[in-house]
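A.B. asks: Any chance you can model this:
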Amino acid sequence: WLKATSGLRWPQSAPMSPQPHSTSDAAAQSTVAVNPASDLWQRGRPCMAITLASPLVFCSILARMQTPTLLATASIGSLDAEAAAAAAMPSKQLRHQVRDDVERLMVNATLLFSRASLSESSWWRRGVPRDHHDSGESFRLIAVPQRRLYVVGWRPFIGQHRCPDGSIVEVVHHLNLFGTSAKNAKQQFRDGVGTVIQTFHSDEHKRSFVASYDRGSRAYHFPRGVGLAIGPGTRCEALVLEHHILAPPCWDFDRQPATTDISGFELFVMDKQPERLAAIVGFMDASMNLKPGQGIVDEVSIAPSQSIQHLFFGPSINGAKKWVPRLAKGTLELMAIHLHTHSFAGSKWFEIVDENDKSIFMSKEEPAGYGPELQSMFNLPDLGWPRLMLRPGITLKQHCSYDTNKLTHALHDGVGYGDEMCGALFIVAGYTDERRIPHTVLSSDSGEVRPRAVGSVPKFFHKSTQYGF
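C.D. replies: Residues are numbered from 1 along each chain as shown. Model prediction:
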């Protein structure tokens, strides 16, 4: 699975238990457990792993699905009772059974969380004196697969930590696993597998989503007959793991200078190509700017028809033509979706409109914020939505409603405390050529704001909200 790279070594025995890269005993004790979103991590045998010289662990499990496995990458204690209850919370996806022809692939990185790892602040706090930033991002080249595989699902496992007041918290706000070309990986990660960089070039043609985790989200399984290609000859020849960390409000760096986090993904993969290949794509409005005192408004992030064209047409493989069909049969189905917001939003819903701006489909308005049911990727039948076939010429919209009278600062798109997001991440299927899969970002700067009457919002809109996430 992994290309031979300087700095690689096989562990002498399994399980391996490297000590946390911390600067104090208090820091080591602050790492409590891993929340696996299932009971998977409560049982099983260790897996074979590769330990890199940098603080990163990549584990490849080639055992079949009926053999539960456990990845031991840090000194962790027993799961807190409250965390265990949350981990056992049922998910809409849990009824999906994983087949015997599916293998598990563990992908994670050991991340040092400290003041030095925080390099960003929320938009509204930039320029304000502070002791430290509140968030940070990093990208690691995790692996260069040597054979082609097809991802048919994923399950996040997230490190849990204890604040001085006893609170159980997560320092990871979101994780993304990207695929990119071997050429691009070599250009950006010059030291090979294990290299960590702070900025992964956002050229939309150079990276594609493989898996995603947002705070509190659960496992996801593709529908049968659908999968995402990784490995040689695909758009995902190399895998890159992105960490976005957010310092918990209760964290005290004077008492807890540093701790380690071992969050990552368990990928479900298979050798046989599924009937339909999938792409994970999305859109958002990075130009969001909601000022206080404007009443209730709808922020609408838009993927215009010209960006939707990228799902159906793209440059030829040899570069000779700029615009050729991606699909052999021309049909593309919307399979699954996650409507993403932070906790300032009161509600959210999704809409498809035609060339004349006439609504073709509009989902039911639903609560926004954090929690497994609000942040997970769901297949359309699990949401009660009908089958939705996409075609060139349509426009996609995500609506997010906000009560700006409750704001104390202008609300911008961002990943720090006091920032927001209004964007959709979704899965489309119908491709047959691994080399013709579209890029991830459809649109990132198209949106509009519409006023909304107070009496038109649902009851759950005025829920008690913990602002900041």
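A.B. asks: shaky segments in the stretch 251-400 of the chain?
C.D. replies: Applying pLDDT under 70 to the stretch 251-400 of the chain flags residues 318-320, 330.
A.B. asks: need the helices for it, in chain order.
C.D. replies: For the stretch 251-400 of the chain, the helices defined by DSSP state H, counting those that start in this stretch occupy 305-312, 372-375, 380-383.
A.B. asks: Nearest to Asp285, out of these?
C.D. replies: helix 305-312 (12.4 Å; Cβ to Cβ). (Each C-beta comes from the backbone N, C-alpha and C, glycine too.)
A.B. asks: I'd like the helices of the stretch 251-400 of the chain as a markdown table, with mean neighbour count appended.
C.D. replies: Below are these laid out as a markdown table (neighbours: other Cβ atoms under 10 Å):
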| stretch | mean neighbour count |
| --- | --- |
| helix 305-312 | 18 |
| helix 372-375 | 19 |
| helix 380-383 | 16 |
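A.B. asks: Dump those to TSV, plus distance to Pro325.
C.D. replies: Conversion of the helices of the stretch 251-400 of the chain to TSV gives the following (distance: least, Cβ to Cβ, whole Å):
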stretch	distance to Pro325
helix 305-312	7
helix 372-375	34
helix 380-383	25
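A.B. asks: so which of the ones you listed gets nearest Thr341?
C.D. replies: helix 372-375 (8.1 Å).
A.B. asks: Quick one: distance of that closest one to the chain centre.
C.D. replies: 13 Å (Cα atoms, centre = their mean, to the nearest Å).
A.B. asks: List the residues that contact the closest residue to Asp357 other than its chain neighbours.
C.D. replies: In space, Asp357 comes closest to Thr395 once its chain neighbours are excluded; the distance is 7.5 Å by Cβ to Cβ, 6 or more residues apart in numbering. When contacts are counted by Cβ atoms under 8 Å, 6 or more residues apart in numbering, Thr395 touches Ile302, Ala303, Pro304, Ser305, Ile308, Ile352, Val353, Asp354, Asp357.
A.B. asks: hang on, the earlier thing: indicate which one of the helices of the stretch 251-400 of the chain is closest to Phe139.
C.D. replies: Evaluated over those, closeness to Phe139 peaks at helix 372-375, with 21.6 Å, by Cβ to Cβ.
A.B. asks: For the closest one, C-alpha coordinates in PDB please.
C.D. replies: Taking Å, rounded to 0.1, in the frame of the first residue of the first chain, the C-alpha atoms of helix 372-375 are listed here in PDB:
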ATOM      1  CA  PRO A 372     -25.100  13.600  14.600                       C
ATOM      2  CA  GLU A 373     -28.400  14.200  12.900                       C
ATOM      3  CA  LEU A 374     -27.500  17.700  11.800                       C
ATOM      4  CA  GLN A 375     -23.900  17.100  10.700                       C
END
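A.B. asks: picking that back up, what about the helices of the stretch 251-400 of the chain, which gets the closest to Phe461?
C.D. replies: Closest approach to Phe461 among those (Cβ to Cβ): helix 372-375, 13.7 Å.
A.B. asks: how close does His133 get to Lys364?
C.D. replies: 38 Å (Cβ to Cβ, to the nearest Å).
A.B. asks: mind listing what the closest residue to Tyr220 other than its chain neighbours touches?
C.D. replies: Sequence neighbours aside, Met377 is the residue nearest to Tyr220 in space, at 4.4 Å (criterion: Cβ to Cβ, 6+ apart). Taking Cβ under 8 Å, 6+ apart, we find Met377 in contact with Ser212, Ser217, Tyr220, Ala336, Ile337, His338, Leu425, Ile427.
A.B. asks: Which pair in those residues has the greatest spatial separation?
C.D. replies: Ser217 and Ile427 (14.0 Å).
A.B. asks: residues near Gly225, how many?
C.D. replies: Applying other Cβ atoms under 10 Å, we find 10 residues neighbouring Gly225.
A.B. asks: Would you list the phi and psi of the residue nearest to it when sequence neighbours are not counted?
C.D. replies: Distances taken as Cβ to Cβ, 6+ apart place Glu275 nearest to Gly225, at 4.2 Å, with adjacent residues excluded. Main-chain dihedrals, Glu275, degrees, to the nearest 10: phi -60, psi -40.
A.B. asks: What distance do you get for Glu275 to Leu390?
C.D. replies: 18 Å.
A.B. asks: which one is Val172 nearest to, not counting chain neighbours?
C.D. replies: Excluding the flanking residues, the one nearest Val172 by Cβ to Cβ, 6+ apart is Ser263, at 4.7 Å.
A.B. asks: Quick check: buried residues in stretch 174-183?
C.D. replies: His174, Leu175, Asn176, Leu177, Phe178, Gly179, Thr180, Ser181 (16 or more other Cβ atoms under 10 Å).
A.B. asks: For Lys321, which non-adjacent residue is spatially closest?
C.D. replies: Leaving out its chain neighbours, the residue that sits closest to Lys321 by Cβ to Cβ, 6+ apart is Pro315, at 6.8 Å.
A.B. asks: And for that neighbour, the neighbour number?
C.D. replies: For Pro315, the neighbour count with other Cβ under 10 Å is 14.
A.B. asks: Spit out the contact partners of it.
C.D. replies: Contact analysis of Pro315 by Cβ under 8 Å, 6+ apart lists Lys321, Lys322, Trp323, Val324.
A.B. asks: how much distance is there from stretch 405-423 to the middle of the chain?
C.D. replies: 19 Å.
A.B. asks: Give me the distance between the two termini of that stretch.
C.D. replies: End-to-end span of stretch 405-423 (Cα to Cα, to the nearest Å): 22 Å.
A.B. asks: Likewise for stretch 353-366?
C.D. replies: Length of stretch 353-366, first residue to last, Cα to Cα: 19 Å.
A.B. asks: In it, which of the residues would be classed as buried?
C.D. replies: Neighbour counts over stretch 353-366 (16+ other Cβ under 10 Å) mark Val353, Ser363, Glu365 as buried.
A.B. asks: and the last one, what is it in contact with?
C.D. replies: In other words, Glu365. Ser347, Lys348, Trp349, His399, Ser401, Pro458.
A.B. asks: Next: the first one.
C.D. replies: By Cβ under 8 Å, 6+ apart, the contact list for Val353 reads Ser359, Ile360, Ile394, Thr395, Lys397.
A.B. asks: I'd guessed the last one sits against Trp349; true?
C.D. replies: No - using Cβ atoms under 8 Å, Lys397 is not in contact with Trp349; the gap is 9.0 Å.
A.B. asks: Which one's more surrounded, these two?
C.D. replies: The neighbour comparison of Lys397 against Trp349 (other Cβ under 10 Å) goes to Lys397, with 22 against 17.
A.B. asks: List the beta-bridge partners for the more buried one.
C.D. replies: On the basis of DSSP bridges, Lys397 takes part in beta bridges with Ile302, Glu351.
A.B. asks: Low-confidence stretches in the stretch 101-250 of the chain?
C.D. replies: By pLDDT under 70, the weakly predicted segments of the stretch 101-250 of the chain are 122-132, 201-205.
A.B. asks: Pull up the pairing partners for the lengthiest strand in the chain, direction included.
C.D. replies: Longest strand in the chain by number of residues, with DSSP state E as the criterion: strand 149-162. If you go by DSSP bridges, strand 149-162 pairs up with strand 31-35 (antiparallel), strand 168-169 (antiparallel), strand 220-221 (antiparallel), strand 226-230 (antiparallel), strand 264-270 (antiparallel).
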